[in-house]
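Asks: fold the following for me, if possible:
(2 chains)
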Amino acid sequence: MPALRFLLTLAVTFLGLLAITFVIGRVVPIDPVLAVVGDRASAETYEQVRAEMGLNDPLPLQFARYVLSVLQGDLGQSVSTGRAVAEDLARVFPATLEMATLGIIIGVALGVPMGVFAAARQGSWVDQVIRVIGLAGYAIPAFWLGLVGLVIFYANLRWVGGPGRIDLFLDGMVPVRTGLLLVDSAIAGDWESFVSAFSHIVLPATILGFFALAYIARMTRSFMLEQLSQEYIVTARVKGVPERLILWRHAFRPIRVQLITVIGLSYAGLLEGSVMIETVFSWPGIGNYLTTALLNADMNAVLGATLVIGAVFVGINKGSDALYRVLDPRART
Amino acid sequence: MIPTAWLLSDDPETRWQARLGQGYRLSRALLRNPLSVVGLSIIIALLLVAAFAPWLAPFSAVEGDLADRLQPPSAVHWMGTDELGRDILSRVIYGARITLGIVLLVAVIAAPLGLLIGTVAGYFGGWIDRVLMGLTDIFLSLPRLILALAFVAALGPGIENAVIAIAITAWPVYARIARAEVLTFRNAEFLDAVRMQDASSVRIIALHVMPLCLSSTIVRVTLDMAGIILTAAGLGFLGLGAQPPLPEWGAMISRGRDFILDQWWVATMPGFAIVVVSLGFCLFGDGLRDVLDPKQRGRG
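Replies: Down below sits the predicted model:
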C-alpha cells in the first residue's frame, strides 16, 4: 500500500507539472498558429491550420493530447534550433549532469565532515565558519559569485579555464559516449582533453558545490547535535570510548539516513541552480538551453526544458524521500 | 516617555497597554541579539537610501557622460562608471528603490494569498483541505526558479511580470505554515465560543484564525526576502526582469558581464549591494524567528 500511495502522489505531481506547463503554453502572447502560417496567410488558411493543430478543441481534450505526446517523448519542435526539443535536451543534459554531480561530490565531501566537526566543537572556529558559509549561501547570488570567480581565478590568477566546457581547439575531439566530457576523455585515453575539461569544470562545479556545502554542513551539524545530546552518547563516554569513535561510529551512523534526504534535496537544487551558473560560464547544458530559448521566445524549448528540469527535480526529491522511508524503519507507516 | 513598569505590568488595564507591552518585550529581545541588530540596521539603511535616493546619489542614475565611460572606482566615482559613463554608485542607490519595491510587492501578493489558502484549508478540513493542500504540494515540489522563469517567459519580460512570477512561486510555503498553525487550534474552545455567537466562517477566519497565524507568516516572509531578492536579481540578470535603463542590480550585473575581465567593477559593485541587503534580511529574519517563533529555532 505505501508503495502504491507513493506512485500515486508521484503521478499527481507530474500531472500538476504538466498542467502548469500546459497553462503557461496557453497563456503565452505568441500565437502558435501565426508562428506556423506566417502573418501574410489568409484568414481561411489561418482557420484551417488552427483546426488542424487542434486548438479549437475543448481544453481538457487538448490537455489529454498534450500529456499523451509528452509521455511518448514528443516535446515539439524548437523554433531556433530546428530540431525536436527532446533531441536537443538529450544532447545538452549530460553537460548539466556532469557539473551538478561534481558539485554535489564537492559539497558532500567537504560539507559532511565540516558539519560533524562543527557539532563536535560547538563554538569553535569551524563552527563559526559554517555559520558564515551558511549565511553566505543564502545571501550571495550564484551568478554574481560565478562572475567574481571568473575575474579572480581565470582573468587574474589563470588557475582555471574560462567559459565553456573545454578549450576551443580541443572542442569536438573526444568521441561522445556518455556525454560526460570527463568520463569520455578518460575512456578515450585523451588526457590532454581531460585536463582541459577539468580546468573548465572545476570553477563552476566548485561554486555550485559551495551552495550545496552551505546547506549540507548546516544540516549535518544540527543532526549531529541532536545525536550528541542523547543518553547513549553519555554512556559511551562513561565507558571510555575514544571521542573519534563516538563521533563517527556512534553518532554519525544513525544520521546517515537523514543525510540522504538532505543530499537528495541539494542535488536537485543544484540542477536548478545550474541554470544561472551555466549562463555565466557559457556552459552548454540545459540551463543555457533554457535561457537562450527564453530570450528567443522559443516556447516549445522553454516548456520542454522546464518539464525536464521539473521532472528530474521531483524525481530526485521523491526518490530520496522514498529511500529514507525504506532505510529508516521509524519512518514507515 | 512611557514608564517601563507600566509597559511590563503583569495585569494590563487595557488592550492597548497589553499590546504595547508585548511590543516592548519583543523589541527588547530582538535588540539583545547583536546579529539581528545588524540585520535591522541594514534594512533601515535600505529604507532610508530608497527614500532619499535623489538627495544621496551624487549623479544621475540614467544619464551619463560618455567621456567618463568605464572609469575605475575613484574619489569622484566611488564605484566607478559603466559603459555609458553613468555613476555606478548613483545607480546602486536608485536601485535600492526597485529592490525594495519588488520585495514589498511580492510579500504583499504572496503572503496574504498563502495565508488565505492555508487558513481556509486548515479551518474547514475535509475535501477542501485535500484539494487546496494537494495544489500547494504540487507547487512546493517543483523548482521555484525554473517555474518563475517559465511564467516570465509566458507573461513577457518586465518588472511587473517578474513580481507576479515570483509571487506565484512563493505563496505555497505560507499556505503550508498557516495550515499547520491552524491545525494546532482549530478545535480550541475560543473558536467554539465564537461559533456559538453565530459568527460566519468568513468572520471567524478573517478575525480569529488569520491573526493567530500572522507571526509565523511574518517570520517566514522575512526569511524569504533574501531568496526573493536573489530570484528578482537573477531574472534581471537573465534580461527577464527589470529592463534597461532601470538601475536594477541584477540587470546592472548583466550589463557589466560584457567587460567583466577588464572593467571588473561594473558587474561586481551592484552584487555587493545584493549581498549586503540579502544578508540583512537573513540576519533579521533569524532574530525575528527566535523571538516570535521559538519552536522553529535552529530549523532550516
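Asks: find the nearest non-adjacent residue to the residue in the stretch 51-200 of chain B positioned nearest to chain A, please.
Replies: Nearest residue of the stretch 51-200 of chain B to chain A (CB to the nearest CB) works out as residue B:138 at 3.3 Å. The way it works is simple: take the backbone N, C-alpha and C, and place the C-beta from them, glycine included. Of all residues beyond its chain neighbours, the one nearest residue B:138 is residue A:16 (3.3 Å), with distances taken as CB to CB, 6 or more residues apart in numbering or on different chains.
Asks: quick one, what contacts the one you found?
Replies: Taking CB atoms under 8 Å, 6 or more residues apart in numbering or on different chains as the criterion, residue A:16 is in contact with B:135, B:138-139, B:142.
Asks: can you put these in CSV and add neighbour count and secondary structure?
Replies: Converted to CSV, the contacts of residue A:16 look like this (neighbours: other CB atoms under 10 Å in any protein chain shown; DSSP: H, G, I helix; E, B strand; the rest coil):
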residue, neighbour count, secondary structure
B:135, 15, helix
B:138, 20, helix
B:139, 22, helix
B:142, 24, coil
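Asks: reformat the residues you listed as CSV; add pLDDT.
Replies: Output for these, formatted as CSV (pLDDT from 0 to 100):
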residue, pLDDT
B:135, 88
B:138, 85
B:139, 87
B:142, 81
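Asks: list the contacts of residue B:164.
Replies: Residue B:164 is in contact with B:109, B:151, B:155, counting by CB under 8 Å, 6+ apart.
Asks: in PyMOL, select just the buried ones from those.
Replies: Restricted to buried positions by 16 or more other CB atoms under 10 Å in any protein chain shown, the PyMOL selection for the contacts of residue B:164 reads:
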select buried, chain B and resi 109+151+155
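Asks: so which of the contacts of residue B:164 belong to strands?
Replies: In strands, defined here by DSSP state E, there are no members of these.
Asks: now tabulate the contacts of residue B:164 in CSV and tack on pLDDT and distance to residue A:111.
Replies: Putting the contacts of residue B:164 into CSV (pLDDT from 0 to 100; distance: CB to CB, whole Å) gives the following:
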residue, pLDDT, distance to residue A:111
B:109, 94, 35
B:151, 87, 32
B:155, 83, 37
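Asks: of the contacts of residue B:164, which ones also sit close to chain A?
Replies: Residues of those in contact with chain A (CB under 8 Å from any CB of the partner chain): B:151, B:155.
Asks: just curious, which of the contacts of residue B:164 is nearest to residue A:86?
Replies: Within these, distances to residue A:86 taken as CB to CB reach their minimum at residue B:151, with 22.6 Å.
Asks: now do the end-to-end distance for stretch A:74-89.
Replies: 11 Å (CA to CA, to the nearest Å).
Asks: what does the stretch 151-300 of chain B have sitting close to chain A?
Replies: B:151-156, B:226-227, B:230, B:233-234, B:237-240, B:250, B:253, B:256-257, B:260-261, B:264, B:267-268, B:271, B:274-275, B:278-279, B:282-283, B:298-300.
Asks: what subset of these is buried?
Replies: Neighbour-count burial (16+ other CB under 10 Å) is assigned, among these, to B:151-155, B:226-227, B:230, B:233-234, B:237-240, B:250, B:253, B:256-257, B:260, B:264, B:267-268, B:271, B:274-275, B:278-279, B:282-283.
Asks: which ones among the residues of the stretch 151-300 of chain B next to chain A map onto helices?
Replies: Cross-referencing these against helices under DSSP state H gives B:151-155, B:226-227, B:230, B:233-234, B:237, B:250, B:253, B:256, B:264, B:267-268, B:271, B:274-275, B:278-279, B:282-283.
Asks: any idea which element residue 17 lies in?
Replies: Reading this off chain A. helix A:2-27 (DSSP states H and E).
Asks: I was after chain B.
Replies: Using DSSP H and E, the element containing residue B:17 is helix B:15-32.
Asks: other residues contacting that helix?
Replies: The contact list for helix B:15-32 (CB under 8 Å, 6+ apart) reads B:2, B:4, B:6-9, B:12, B:36-37, B:40, B:287-288, B:290-292.
Asks: next: stretch B:139-149.
Replies: Residues outside stretch B:139-149 that contact it (CB under 8 Å, 6+ apart) are A:13, A:16-17, A:20, A:268-269, A:271-273, A:275-276, A:290-291, A:294, A:302, A:306, A:309-310, A:313-314, A:317-318, B:162, B:165-166, B:168-173, B:176, B:231, B:234-235, B:238, B:240.
Asks: distance of residue A:305 relative to residue A:284?
Replies: Residue A:305 sits 13 Å away from residue A:284, going by CB to CB, to the nearest Å.
Asks: comparing those two, which shows the higher neighbour count?
Replies: residue A:305 (32 against 17; other CB atoms under 10 Å in any protein chain shown).
Asks: biggest helix in chain A by residues?
Replies: Across chain A, the longest stretch assigned as helix under DSSP H is helix A:191-228.
Asks: beyond that one, next helix or strand please.
Replies: Heading C-terminal from helix A:191-228 (DSSP H and E), you reach helix A:231-239.
Asks: quick check: what element follows that following helix along the chain?
Replies: With elements assigned by DSSP H and E, the helix or strand that comes after helix A:231-239 is helix A:243-245.
Asks: what comes into contact with that next one?
Replies: A:120, A:236.
Asks: could you check the angle the following helix or strand past it makes with helix A:231-239?
Replies: Later in the chain than helix A:243-245, the nearest helix or strand by DSSP H and E is helix A:252-280. Helix A:252-280 and helix A:231-239 are oriented at 120 degrees to each other (axes from the mean of the first three to the mean of the last three CA atoms, to 10 degrees).
Asks: tell me the helices and strands packed up against helix A:252-280.
Replies: On a contact count with 3 or more CB pairs under 8 Å, 6 or more residues apart in numbering or on different chains; DSSP states H and E, helix A:252-280 meets helix A:85-120, helix A:142-149, helix A:191-228, helix A:286-295, helix A:299-327, helix B:144-155, helix B:210-237.
Asks: again, only this time at 6 Å
Replies: When contacts are defined as 3 or more CB pairs under 6 Å, 6 or more residues apart in numbering or on different chains; DSSP states H and E, helix A:252-280 sits against helix A:85-120, helix A:142-149, helix A:191-228, helix A:286-295, helix A:299-327.
Asks: want to try a markdown table for those helices, with distance to chain B and mean pLDDT as columns?
Replies: Shown next, in a markdown table, are those (distance: least, CB to the nearest CB, whole Å; pLDDT from 0 to 100):
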| stretch | distance to chain B | mean pLDDT |
| --- | --- | --- |
| helix A:85-120 | 12 | 92 |
| helix A:142-149 | 4 | 92 |
| helix A:191-228 | 6 | 90 |
| helix A:286-295 | 5 | 88 |
| helix A:299-327 | 4 | 86 |
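Asks: could I get those helices in a markdown table, plus columns for distance to residue B:121?
Replies: Below are these laid out as a markdown table (distance: least, CB to CB, whole Å):
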| stretch | distance to residue B:121 |
| --- | --- |
| helix A:85-120 | 34 |
| helix A:142-149 | 34 |
| helix A:191-228 | 28 |
| helix A:286-295 | 33 |
| helix A:299-327 | 22 |
